[in-house]
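A.B. asks: Okay, here's the prediction I keep looking at, along with the sequence it came from:
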Amino acid sequence: MGTLVIVTIALALIFDFINGFHDAANSIATVVSTRVLKPQWAVAWAAFFNFIAFALFDVHVAKTIGKGVINPAIVDPMLIFAALLGAIIWNIITWYYGLPSSSSHALIGGLSGAAVAKVGVSGVIASGFIKIGSSIVLSPMFGMLLGFIFMALVSRLLFHAAPRKVDGWFRKLQLVSASLYSIGHGGNDAQKTMGIIAVLLFSVGKLGTGDKFEIPLWIVLSCHAAMGLGTLFGGWRIVETMGMKITKLRPVGGFCAETAGAITLFLATGLGIPVSTTHTITGSIIGVGAVNKISAVRWGIAERIIWAWILTIPASGFVAAITWWVGAHFTR
């Protein structure tokens, strides 16, 4: 196995670690901001459920990433290396500024940018790109709708209950909802790196034969372990934005947001759609906050997040394209 292939696999696992680090806030923001768990316990809780997700989902999302975004025939180690570097650089930039952008779409942008730099737009599979692009809009909207519905129903059902009792009930229930969301997060996000490693090995003849595209267990476990470790190191900057700045949450709101997000992720993972866990939980939190009144949502913060979403694919794609061009120029 060539040096560049080994380095690129290592870079993919680093990306997965950063994904867990960057997106830890998605799993724990609500449970920390409602003070159900302290940050150090929350990240350990999320990391555990990120890891065990491998036992609950098939690898449909990994296959979508591996064969459904760019033409597998153009894949080589330099293209994957450039795609990963583009995604990592964008993740670090958005982490530094506390913006909950999508690691998933940074990876999609990186893949697309490197493919376009190599062979032009024909390297991108339009149907797969449109499918993923649609999820940018649909996943947060679906999470927002579910979050709004759940919060409205719970508020109506428990209207006459004492606030202290409600807080007590939902502090316990939030442990369940946070677990489910972390499983959904691990199940969807870890598979994206699996797909990257698998298509890389497939391209150099080290995995599968003919058109058969399989994901070995060692890749599955490595990616879940890297993501779990990344989550353990969590990102407080983004936790603060997600759980405290968008809207003020109580345990009942945290439960509704996490449950809405978990349902969205379970459905998407089952369908093989690589959605953004960041977009999903942000939409869910906004839906919960909007139940009380629209002004309860800090729309200025939400606007910054939306701009980060819009810029993620082109920005990571641009960095990946430049990386591929430089790498290809010096390896001729």
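C.D. replies: Good, I have the coordinates. Numbering: from 1, shown residues only.
A.B. asks: Which parts of this structure are strands?
C.D. replies: In order along the chain, the chain carries no strands (DSSP state E).
A.B. asks: show me where it has helices.
C.D. replies: Secondary structure of the chain (DSSP state H): helices located at 3-33, 39-52, 60-68, 77-96, 103-119, 126-157, 163-203, 217-232, 236-240, 251-270, 277-292, 299-330.
A.B. asks: now the ones you listed as TSV including mean neighbour count and mean pLDDT?
C.D. replies: For the C-beta atoms, the positions are set from N, CA and C on the backbone; glycine is no exception. TSV is the format used below for the helices of the chain (neighbours: other CB atoms under 10 Å; pLDDT from 0 to 100):
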stretch	mean neighbour count	mean pLDDT
helix 3-33	25	79
helix 39-52	21	81
helix 60-68	23	85
helix 77-96	24	86
helix 103-119	27	88
helix 126-157	18	86
helix 163-203	23	86
helix 217-232	22	88
helix 236-240	19	52
helix 251-270	26	89
helix 277-292	28	81
helix 299-330	18	78
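A.B. asks: Next, count neighbours for Pro216.
C.D. replies: Pro216 has 14 neighbours, counted by other CB atoms under 10 Å.
A.B. asks: now it: how far from Leu207?
C.D. replies: 7 Å (CB to CB, to the nearest Å).
A.B. asks: got any residues that touch both of those two?
C.D. replies: Counting by CB atoms under 8 Å, 6 or more residues apart in numbering, the common neighbours of Pro216 and Leu207 are Ala198.
A.B. asks: how far away is the nearest residue to Lys131 once chain neighbours are set aside from Leu267?
C.D. replies: Closest residue to Lys131 apart from its sequence neighbours, by CB to CB, 6 or more residues apart in numbering: Ile273 at 6.7 Å. Distance from Ile273 to Leu267, counting by CB to CB: 8 Å.
A.B. asks: got it, and Leu111?
C.D. replies: For Leu111 relative to Leu267 (CB to CB), the value is 24 Å.
A.B. asks: next one: Trp325
C.D. replies: Counting by CB to CB - Trp325 and Leu267 are separated by 39 Å.
A.B. asks: what do you get for Phe17?
C.D. replies: From Phe17 to Leu267 the distance is 27 Å (CB to CB).
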